[in-house]
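1. no FASTA, just this:
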């Protein structure tokens, strides 16, 4: 199977909240669109320094991470990012890997967006059809 990429829109979730409180306008929300590699071996949303700067995110902590090549590092955790993909949205922190060549969309945001990889067509599809379904057990 080849690599699967998808277009995602990212917004600073704190900015979105500030719109709701009347502190800024919709036009002031920091956002960007990127081609992200879908990585079912990654857990989180991973962004690089350029995306971090465009979104004006805050650093909220640090986490130890392990790379596919068995390397380890400590990276920063960002404030909340609103992820839009396939007309679905979810808000979560991101892992900041400063020099990452691209954004990675890991399994937690995929699950939250109710999306799965269609390996034959190399794209994302709804796990339960066109409308997201949230499962509670």
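-> That came through fine. Fair warning: this is a prediction, and the values are worked out from it, not measured in the lab.

2. Could you pull out the strands in the protein for me?
-> Secondary structure of the chain, counting by DSSP state E: strands at 4-12, 31-38, 45-47, 59-66, 72-78, 81-85, 88-92, 94-96, 103-105, 115-118, 123-126.

3. Check which helices and strands the longest one sits against.
-> Packing partners of strand 4-12 (3 or more C-beta pairs under 8 Å, 6 or more residues apart in numbering; DSSP states H and E): strand 31-38, helix 49-55, strand 81-85, strand 103-105, strand 123-126. To be clear about C-beta, it is placed using only N, CA and C from the backbone, and glycine gets the same treatment.

4. quick one: buried residues of the second one?
-> Along helix 49-55, these residues count as buried under the neighbour rule (16 or more other C-beta atoms under 10 Å): 51, 52, 55.

5. Show the contacting residues for the first one.
-> So that's residue 51. Residues near residue 51 by C-beta atoms under 8 Å, 6 or more residues apart in numbering: 10, 32, 34, 103.
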